[in-house]
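Student: Got a predicted structure here, sequence first:
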Amino acid sequence: MKIQKELPLFTVIIPVYNRAEYLLHTLRTCSIQNYPNLEIIVSDDNSTENVKDIVSEAIKKDKRIRYVKPTSGKGMLNNFEFALKQVKTMYVIALGGDDGLLPDGIQGMADVISKTGKELVAWPAPAYYYPSVRGKMGNYVSIVIRGLGF
């Protein structure tokens, strides 16, 4: 496809250990991205849950997803570094297995990079305030990194 060669490749890395119940939603938010030159890498650090099965099903629906696995359980930092070594581009977004992307998020980043010439894009994380849930220190707030899941 000619358009994909003209657009820079963006890669989403998702280093994960378990979190299977959330990973499906994380992958859905990646799959709905309308940016055509996108790769999604799930690096599974020897999960004991059905992470591989979830990723395999997602790959059937979206060929931009790739499953990788370090040779043995490496821990969070090493799994993150392993996932980064799989990347072939300079534009990388890191998500946790329970994070997500807003619709059109990758296209929005590509537009900002194109218009500004910047090589790095960052923004404050949106937050959700739970009005009816109070703890000892006050009401609970969720900080959502890089977008909103389902």
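Tutor: Now that the structure is in, tell me what you want to look at.

Student: what comes up buried for stretch 77-88?
Tutor: 79-80, 82-83, 87 (16 or more other Cβ atoms under 10 Å). To be clear about C-beta, it is placed using only N, CA and C from the backbone, and glycine gets the same treatment.

Student: where's stretch 35-54 relative to the chain centroid, distance-wise?
Tutor: Put simply, stretch 35-54 sits 9 Å off its chain's centre (Cα atoms, centre = their mean, to the nearest Å).

Student: Quote the end-to-end distance of it.
Tutor: Counting by Cα to Cα, to the nearest Å, you get 23 Å between the two ends of stretch 35-54.

Student: buried sites along it?
Tutor: 35, 37-45, 47, 51, 54.

Student: Quick one: the strands in this structure, in order.
Tutor: 10-16, 38-44, 65-68, 91-94, 127-135, 138-143 (DSSP state E).

Student: Where helices are concerned, which of the buried residues of stretch 77-88 count?
Tutor: Using DSSP state H, the members of the buried residues of stretch 77-88 that fall within helices are 79-80, 82-83.

Student: Tell me which two in these are the farthest apart.
Tutor: Spanning the widest gap among those are Phe80 and Phe82, at 7.2 Å by Cβ to Cβ.

Student: Find residues that contact each of those two.
Tutor: 15, 43 (Cβ atoms under 8 Å, 6 or more residues apart in numbering).

Student: gap between stretch 7-18 and the chain center?
Tutor: 5 Å.

Student: Residue numbering should commence at 43 henceforth.
Tutor: Okay, using 43 as the starting number, the last item reads as stretch 49-60.
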